[in-house]
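In: no FASTA, just this:
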Ligand code: 3AM
């Protein structure tokens with residue numbers, strides 16, 4: 001099973017991203033149901049590992065918090081491969097991400113070398129017209145969602161198909177614990 005840990009988006013927030021989906025020919029836009037904010041990619045794991053990961057994530061105590069999507073960006077620099085909406089700086093989100101990352105590492109999953117850059121991927125690109133990407137970034141720079149509550153995080157599975165990946169929530173982990181000041185590990 002291919003897994004990752006993410007926040008889901010309330011329907012209204014996902015809906016507010018729909019108008020951003022256009023203007024870059026050839027982009028593969030993510031469907032509204034597939035939109036999420038990845039906290040930690042895990043990758044392919046065995047059934048036994050899924051149980052250990054589930055236990056570790058279920059043990060996380062962290063407060064719920066509000067967050068806001070804000071701005072847009074691209075990954076890939078000169079060869080953009082994805083377009084995304086950003087997230088307004090949020091210490092509680094960073095705190096949760098560190099807790100998730102620590103929990104996943106403690107059960108023996110390899111480290112994710114990427115620095116955490118909170119984002120919601122909107123499109124995957126293949127050899128896009130660079131001018132269109134620049135235009136898209138400019139046009140959507142002022143995007144901001146309403147503030148919304150993160151009351152849980154989720155374990156997602158990702159199934160690779162010829163039409164792209166299909167994401168599914170496998171487990172829910174409520175937030176609302178009271179350990180904000182505790183050390184992370
Ligand atoms: O949709 P986003 O961008 O949040 O990019 C992949 C996607 O993130 C990322 O994990 C999420 C679910 O597939 N991903 C895929 N392979 C990855 C890898 N090897 C990866 N992240 C880090 N390392």
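Out: Okay, I see it. Treat the numbers as computed from the prediction; the structure is a model and nothing was measured.
In: give me the contact list for stretch 116-136.
Out: For stretch 116-136, contacts defined as C-beta atoms under 8 Å, 6 or more residues apart in numbering pick out 9, 17, 20-21, 23-30, 35-39, 69, 72-74, 76, 78-87, 90, 93-94, 97, 101, 164. For every residue, glycine as well, the C-beta is placed using N, CA and C.
In: what residues sit buried inside the helix of greatest length in the chain?
Out: Secondary structure of the chain read by DSSP state H shows that its longest helix is helix 91-106. Buried residues in helix 91-106, counting neighbours by 16 or more other C-beta atoms under 10 Å, are found at 92-93, 95-101, 103-104.
In: ok, stretch 116-128 next?
Out: 118-125, 128.
In: between those residues, which is nearest residue 146?
Out: The nearest member of those to residue 146, counting by C-beta to C-beta, is residue 120 at 14.1 Å.
In: just how off-centre is the one helix or strand the closest one maps to within its chain?
Out: Assigned by DSSP states H and E, residue 120 belongs to strand 119-124. Relative to its parent chain, strand 119-124 has a centroid offset of 9 Å by C-alpha atoms, centre = their mean, to the nearest Å.
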